[in-house]
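Build me a model:
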Amino acid sequence: MTTPALDTDFVRNMFPAFARPALDGQRFFENAGGSYTCKPVIDRLFRYYHERKVQPYGAYAASQAAGAEMDEARTRLAAMMGVQGDELSFGPSSSANTYVLAQAFGEMLSPGDAVVVTNQDHEANSGPWRRLEARGIIVREWQIDPTSGHLDADALWRLIDDKVRLVCFPHCSNVVGEINPVAQICDGLRRAGIWSCVDGVSYAPHGLPDVGALGADIYLFSAYKTYGPHQGLMVVRRNLGGQLPNQAHYFNADVLYKRFTPAGPDHAQIAACAGMADYFDALHTHHFKQSAGLGDAARMAQVHDLMRAHETRVLQPLLDYVKGRNDLRLIGPEQAAGRAPTVALEHARPGLELAQALAAKGIMAGGGSFYADRALQGLGIEPAHGVLRLSFVHYTTPDDLDALILALDQVL
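Modelled structure (predicted):
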């Protein structure tokens, strides 16, 4: 099926932020730090706090409605990602979810076992695993190319031996932006009997992936960067989840989606995550004539391609502009098709200073290290100096990009 053009008017009408007077005239380019929230999520959160803010799964109607909406969020989003409903769990953030998983692996692994991490990652999918060294676990670093930030698969296999039990790497980095070949890497690891943990925080906002097809044993991302509330979503496939030691209350040990949630879940925000599924379904219904007979993952795949096609088209002129300047260093690939629209730029001026200058011209962008200090150091960039990061998603328009490029010209 040919992917249609994204209807950005329809999309932006689904995000109340674009109609707010306080944001009028502002161009939003810090989506990698957190996207705008779509209306279905806001509506569900509003309803939950007004009608269902009670202990869920109880005997009375409001309680049953509260629990059913939480279950709906988990079931629908899991189906869109090609996994079983109980393989998806919610936590306060992806950083917290990763920390809990690292504790579980720390209990399961033995001294002398090894895990591999990268220096391309955000600290959330690197730091918790590195702490396992205190338990006698060997930590090996899969390092990026110091010029491009690229992760070379051949370099990974030079780190692999019979001690390695787990490899943790990003779907794409929050500063490099290159989309890593997750399915290929996970397939190789699975054949070698090694678990995989994929940080999808910087990828999922550009279209939920089919985790089942990717083959990752663990896949993590953040709802608040994917048009939803502040929750971390974590897929742990059943084969692994049943082997890892329970990290929750002992009486929750037999429920897969509860095993890695030590604290009580945020009922309202989990329920509101069903609004993310509402939004993706609305995108599909509006853009594709044929929905009957298509499964959830198949519809999500079409929405994924719809979003990515638009982002790729909008992104390339920015990359071409940056390549035409000799005062900017572009981190990551020069072609939009191979990367997410998360563009980190090194300049003689500190990243935060550039972001402040752009803010005066109505451009909301980020400057700093973005918890990716190891990646910047691997690229020869001092984290304190940082980079200017320009990040967007599918609701960004070509007009937004024109305004950004004009402002960059003036600031630089």
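
wait, doesn't K225 sit right on P205?
Yes: using C-beta atoms under 8 Å, K225 makes contact with P205 at a distance of 5.0 Å. Backbone N, C-alpha and C define where each C-beta goes, glycine included.

shared neighbours of these two, which are they?
31-32, 35 (C-beta atoms under 8 Å, 6 or more residues apart in numbering).

could you flag which of these are buried?
Buried by 16 or more other C-beta atoms under 10 Å: 31-32, 35, out of these.

contacting residues for A344?
A344 makes contact with 175-177, 330-332, 387-389, according to C-beta under 8 Å, 6+ apart.

That one and N174, how far apart?
Distance, A344 to N174, using C-beta to C-beta, to the nearest Å: 8 Å.

coming back round to it: and K225 and P205? Which one has more around it.
The neighbour comparison of K225 against P205 (other C-beta atoms under 10 Å) goes to P205, with 29 against 23.

what are the phi and psi values for the more buried one?
phi -60, psi -20 (degrees, to the nearest 10).

shaky segments in the stretch 151-300 of the chain?
292 (pLDDT under 70).

ranges for the strands of it?
Per DSSP state E, counting those that start in this stretch, the stretch 151-300 of the chain carries strands over the ranges 164-170, 195-199, 218-222, 232-236.

Mind putting those strands into CSV with distance to W129?
Formatted as CSV, the strands of the stretch 151-300 of the chain follow (distance: least, C-beta to C-beta, whole Å):
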stretch, distance to W129
strand 164-170, 5
strand 195-199, 8
strand 218-222, 11
strand 232-236, 15
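
how about these in JSON lines, adding distance to R27 and mean neighbour count?
Below are the strands of the stretch 151-300 of the chain laid out as JSON lines (distance: least, C-beta to C-beta, whole Å; neighbours: other C-beta atoms under 10 Å):
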{"stretch": "strand 164-170", "distance to R27": "27", "mean neighbour count": "24"}
{"stretch": "strand 195-199", "distance to R27": "28", "mean neighbour count": "26"}
{"stretch": "strand 218-222", "distance to R27": "23", "mean neighbour count": "27"}
{"stretch": "strand 232-236", "distance to R27": "28", "mean neighbour count": "26"}
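
and S391, how many neighbours?
With other C-beta under 10 Å as criterion, S391 counts 26.

Tell me how far the closest residue to it other than its chain neighbours lies from V115.
Distances taken as C-beta to C-beta, 6 or more residues apart in numbering place A32 nearest to S391, at 3.6 Å, with adjacent residues excluded. Distance, A32 to V115, using C-beta to C-beta: 26 Å.

From the recorded domain assignment, give the ranges for the protein.
8-36+297-411, 44-276 (automatic domain parsing).

Tell me how many other residues crowd N174.
Neighbours of N174 (other C-beta under 10 Å): 26.

still on that earlier bit, give the intersection of the neighbour lists for A344 and N174.
Common neighbours of A344 and N174 (C-beta under 8 Å, 6+ apart) are R389.
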